[in-house]
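Participant: What follows is a predicted protein model with its sequence.
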Amino acid sequence: MRNKIVFLLVFLTMMTGTRLKAQELRCMVQVVAPGVQGTNRGAFETLQTSIMEFMNGQRWTEHIYKSEERIDCSILINIREVIGSDEFKGTIQVQARRPVYNSSYNSPLVNYLDQNLHFRYVEFEPLIYNPNTMESNLVAILAYYAYVILGYDYDSYSANGGTPYFQQAQNIVNMSQNARESGWKSFESTRNRYWLMENILSEDHSPLRTCFYQYHRRGMDLMAEKPEEGRSNLGSALEMLKKVYRQRPNSFALGFFFDAKTEELLNVFANAPSMEKGRVVNTLKEVDPANADKYQDLLKNDGR
């Protein structure tokens, strides 16, 4: 009987430890400050550890993730300016990816450089997330991007599956409207944290989210076993973006999509048949004019 009790205690301890470790994100964090002189470098190392523990240790959803199900993502913080002993400015690069079915390839979901990083941090100060109030701009930004990553990941597996997480990110935007730091308000820029959520949750961007789901589940996830069908479905998904672009040509969410996907699209369609490639290139040049030259280069090998 005693052995059974001991076994049960060990089992419960192992299960508890597994749940504590297997949260939703597997986030690698790097904090650099190459241009900053005369500052306590140890504080940046402490900050890096604190952010990693915050992103990976927080329970962001009600779902239980196995270790192998965690979302691979990364954060690169570049401190460019030190304002006093505890105030910093710089950039934050956020990336996330998800596995493609039956392959070793990971498809990029998010690849964005946010230029509006401004926060206070005292070494060893705990990073605590409270969904009802935003007292720390650093915590607000980290939590915002955690929910953005979750939203895009869930959207890639089920149609509009990321809505609850985008709504959480929107809630952080709403609570940050009185923040003195930039990045949260509509009038500051057309490409910031406010506009990403405004776009992604608006009805006129519904085709973008449908495209995102079909791009991954009916496109990328078929590429290993049925590459022609997967590529064709992917091209069809991209057609949906025309409606978004024609209604909102300056859409930040559309640009956010291509920040992550342009290089992947170039690789996927590099060896496509000429007619298929031509159709896709025409679509991409319309909906992503910033990268039109890159798409046009796809046609060079076809004698166009």
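Facilitator: Received it, and whenever you're ready, just let me know what you need. Since the model is a prediction, treat every value here as computed from it, not as a measurement.
Participant: got a list of contacts for the strand or helix carrying Ala253?
Facilitator: Ala253 belongs to helix 252-268 when assigned by DSSP states H and E. Contact with helix 252-268 is made by 107-112, 190-192, 195-196, 199-200, 205, 208, 212, 215, 223, 231, 234, 238, 241, 244-245, 248, 280, 284, 287-288, 290-291, 294-295, 298, as judged by C-beta atoms under 8 Å, 6 or more residues apart in numbering. For glycine as for every other residue, the C-beta is placed from the backbone atoms N, C-alpha and C.
Participant: Buried among those? Make that a ChimeraX selection.
Facilitator: Buried subset of the contacts of helix 252-268, written as a ChimeraX selection, criterion 16 or more other C-beta atoms under 10 Å:
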select :107,108,109,110,111,112,191,192,195,196,199,200,205,208,212,215,223,231,234,238,241,244,245,248,280,284,287,288,291,294,295,298
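Participant: Quick one: mean pLDDT over stretch 210-229.
Facilitator: Averaging pLDDT along stretch 210-229 yields 98.
Participant: Then stretch 59-69?
Facilitator: In this model, stretch 59-69 has a mean pLDDT of 94.
Participant: Break this structure down into its structural domains.
Facilitator: As assigned by the TED database, the chain contains the domains 21-201, 207-301.
Participant: ok so, going back, so which of the contacts of helix 252-268 belong to strands?
Facilitator: 107-112 (DSSP state E).
Participant: Going by residue numbers, what spans are helices in the stretch 151-300 of the chain?
Facilitator: 163-175, 193-200, 206-214, 227-239, 241-247, 252-268, 274-287, 292-297 (DSSP state H, counting those that start in this stretch).
Participant: Let me know which of those helices is tucked in deepest.
Facilitator: Greatest average neighbour count among those goes to helix 193-200 (a mean of 23), per mean count of other C-beta atoms under 10 Å.
Participant: quick revisit: the ones in strands among the contacts of helix 252-268 into TSV, with extra columns for distance to Ala96 and pLDDT?
Facilitator: Shown next, in TSV, are the ones in strands among the contacts of helix 252-268 (distance: C-beta to C-beta, whole Å; pLDDT from 0 to 100):
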residue	distance to Ala96	pLDDT
Ser107	10	99
Pro108	7	99
Leu109	5	99
Val110	4	99
Asn111	8	99
Tyr112	10	99
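Participant: mind giving me TSV with these and columns for distance to Val100?
Facilitator: Shown next, in TSV, are those (distance: C-beta to C-beta, whole Å):
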residue	distance to Val100
Ser107	5
Pro108	11
Leu109	11
Val110	16
Asn111	16
Tyr112	21
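Participant: from those, which single one is nearest Leu47?
Facilitator: The nearest member of the ones in strands among the contacts of helix 252-268 to Leu47, counting by C-beta to C-beta, is Tyr112 at 20.4 Å.
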